[in-house]
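In: sequence first, then the predicted structure:
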Amino acid sequence: MTTLAISPHTSTKFPFRFVLVAFAWSWLWWIPATLAERGMITLPIPAGLLEISGGFGPLLAAFVLTWVEAGGPGVRALAGQALRWRVALFWYGVALLGPFLYQLVAMGLHVLLGGQPPELGSLLAQVPDVLINFVLVFFLIGVAEEFGWRGYLLPRLQGQTSALLASLVVGVIWAAWHLPLFFNPGTSYIQTPFAVWLIFLLPYSVIHTWLYNSTRASLLLAIALHAMVNVTGSLWMSVPDVGPVVETTPGIVAQIYLLQAAVLWVLAGVILLVTSAQNLARQPRQVSGPAATAGVKLH
């Protein structure tokens, strides 16, 4: 299995081609979907199908460019990261249980600020749906995005700068990639100011890097974390002054994101304190480039 490590020979070229291909593919689907949801055009298929298709832009860009840069060995090395399951049990806890805990802490912050606590019965009733949805989101969102953000983009940026700065750059690109969805009334993004989304996504990107670097580039766990964070958001439906009005009261979704962001920023700060900005892990950060994806062990 290919090992990615720090190399002074890693390319310093910013991966503009990845950004271009990922955005072009996704926005090619998302812009017509947005226009259709706004009643500006008519589509022969449901707009939701276009929204799903657009989500695979990062995956497509990662594999196409890896093939161009490193051929079959590079593609196999990239795909192999999703099979990297031999990691300490702790990291499975981070990916699968961590999102539940951080949502509960954010709910606790909501209570401290004068909100109502979740109803225990309703909260527990949400769990089976969360687990079922996790399987679907794992493939339709986690796989669709993480081969790009963490599998391709992050290692290349980490070859040029610190893990912290690379994480923040990925976060900005990741947020900007979603932009057409913020104009689509058929998605929840329409209720969220972009600035709030960015405030949420930046520390989330740092935490993703911590997990990725600490597990020696396990995309399996990166995908799992992404999916679990997405689906555990539904736990807020058990909060009486949030869940019943989340779709009808302006500002509620943004409020939830800000509460979650506050927790994530604290977690990102703790990670930075116990590791380092250079690696965001107790081991060298994971870097990549044409040589690494071709199966060469870089030192």
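Out: That came through, no problem.
In: drop to CA atoms for contacts and neighbour counts, all remaining ones
Out: Will do.
In: worst-scoring helix or strand of the chain, pLDDT-wise?
Out: Taking mean pLDDT, DSSP states H and E as the measure, the chain has helix 290-293 as its least confident helix or strand, at a mean of 42.
In: can you show me the helices along this structure?
Out: If DSSP state H is used as the criterion, the helices of the chain fall at 16-37, 47-54, 57-80, 89-96, 98-112, 120-137, 144-148, 154-158, 163-177, 194-214, 219-232, 252-274, 290-293.
In: could you point out which of those helices sits nearest Gln283?
Out: helix 194-214 (6.8 Å; Cα to Cα).
In: contacts for that closest one, please.
Out: Contact partners of helix 194-214, identified using Cα atoms under 8 Å, 6 or more residues apart in numbering, comprise 91, 94, 150, 154, 163-164, 167-168, 170-172, 175, 179, 182, 218-219, 221-222, 225, 254, 257-258, 260-262, 264-265, 267-268, 271, 279-286.
In: okay, which residue is most central for this protein?
Out: In the chain, the residue lying closest to the centroid (Cα atoms, centre = their mean) is His226, at 4.9 Å.
In: residues in contact with that one?
Out: His226 neighbours (Cα under 8 Å, 6+ apart): Phe138, Ile141, Gly142, Glu146.
In: dump these into JSON lines; add distance to Pro203 and pLDDT as well.
Out: Shown next, in JSON lines, are those (distance: Cα to Cα, whole Å; pLDDT from 0 to 100):
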{"residue": "Phe138", "distance to Pro203": "21", "pLDDT": "98"}
{"residue": "Ile141", "distance to Pro203": "19", "pLDDT": "97"}
{"residue": "Gly142", "distance to Pro203": "18", "pLDDT": "98"}
{"residue": "Glu146", "distance to Pro203": "16", "pLDDT": "98"}
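In: got a ChimeraX select line for the buried ones in these?
Out: A single ChimeraX command selects the buried members of the contacts of His226 (16 or more other Cα atoms under 10 Å):
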select :138,141,142,146
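In: of the contacts of His226, which is the nearest to Ala36?
Out: Of the contacts of His226, the one sitting nearest to Ala36 (Cα to Cα) turns out to be Ile141, at 21.9 Å.
In: tell me which residues touch that closest one, please.
Out: Gly55, Phe56, His226, Ala227.
In: so the second one touches Phe147, yeah?
Out: By that I understand Phe56. No. Using Cα atoms under 8 Å, Phe56 makes no contact with Phe147, being 9.7 Å away.
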